[in-house]
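*Asks:* how does the following fold in three dimensions:
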Amino acid sequence: MDEIAPGSARAFDLAEADGAGGAKPFRIVVARDKAGQFFSYRNSCPHEGVWLNIGSGAFLDEAGAQIKCGRHGATFAIETGQCSSGACEGAFLDKVDVEALDGDVCIRGVTLVEEEPPLRHDDDMDETMEIMIHPG
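*Replies:* Next comes the predicted model:
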């Protein structure tokens with residue numbers, strides 16, 4: 001709990017059980033509103049499925065009052081996940097139930113696995129490419 005100050009948010013890349021004995025990526029954002037309450041959502045914008053923190057790496061607007069999509073600028077209420085402006089206005093972020101317990105923020109209702117699966121390029125929802133430039 002201490003690692004997420006009121007009016008801030010943090011990403012977590014976890015792995016959830018896929019129901020077939022394996023695992024799949026489970027990327028979430030845990031946000032803390034100014035009153036100190038915790039809220040969590042899948043790290044995916046409902047507009048095009050891109051990570052919310054794409055670009056600058058920030059999840060919240062400059063005032064720390066709303067979650068924002070770094071690609072499209074859509075804004076979402078921290079407490080409900082509802083989009084208040086942008087291309088997905090009226091849509092909701094996919095909520096992840098969390099509970100503050102003994103100094104930790106705990107996920108509820110999701111079966112996590114200990115080891116993350118190896119990431120494949122098709123797991124990445126970002127449309128950018130990795131380019132390497134070699135001098136020569």
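
*Asks:* if I look at residue 111, how far off is residue 76?
*Replies:* 26 Å (C-beta to C-beta, to the nearest Å). Glycine gets a C-beta too; all of them are placed from N, C-alpha and C.

*Asks:* ugh, wrong one, residue 11
*Replies:* The value you get for residue 11 to residue 76, if C-beta to C-beta is used, is 15 Å.

*Asks:* which one of these two is surrounded by more residues?
*Replies:* residue 76 (28 against 14; other C-beta atoms under 10 Å).

*Asks:* for that one, which non-adjacent residue is spatially closest?
*Replies:* Spatially, and ignoring its direct neighbours in sequence, residue 76 is nearest to residue 67 (4.3 Å; C-beta to C-beta, 6 or more residues apart in numbering).

*Asks:* so what does the helix or strand harbouring that neighbour touch, helix or strand wise?
*Replies:* Per DSSP states H and E: residue 67 is located in strand 66-68. In terms of contacts (3 or more C-beta pairs under 8 Å, 6 or more residues apart in numbering; DSSP states H and E), strand 66-68 is packed against strand 75-77.
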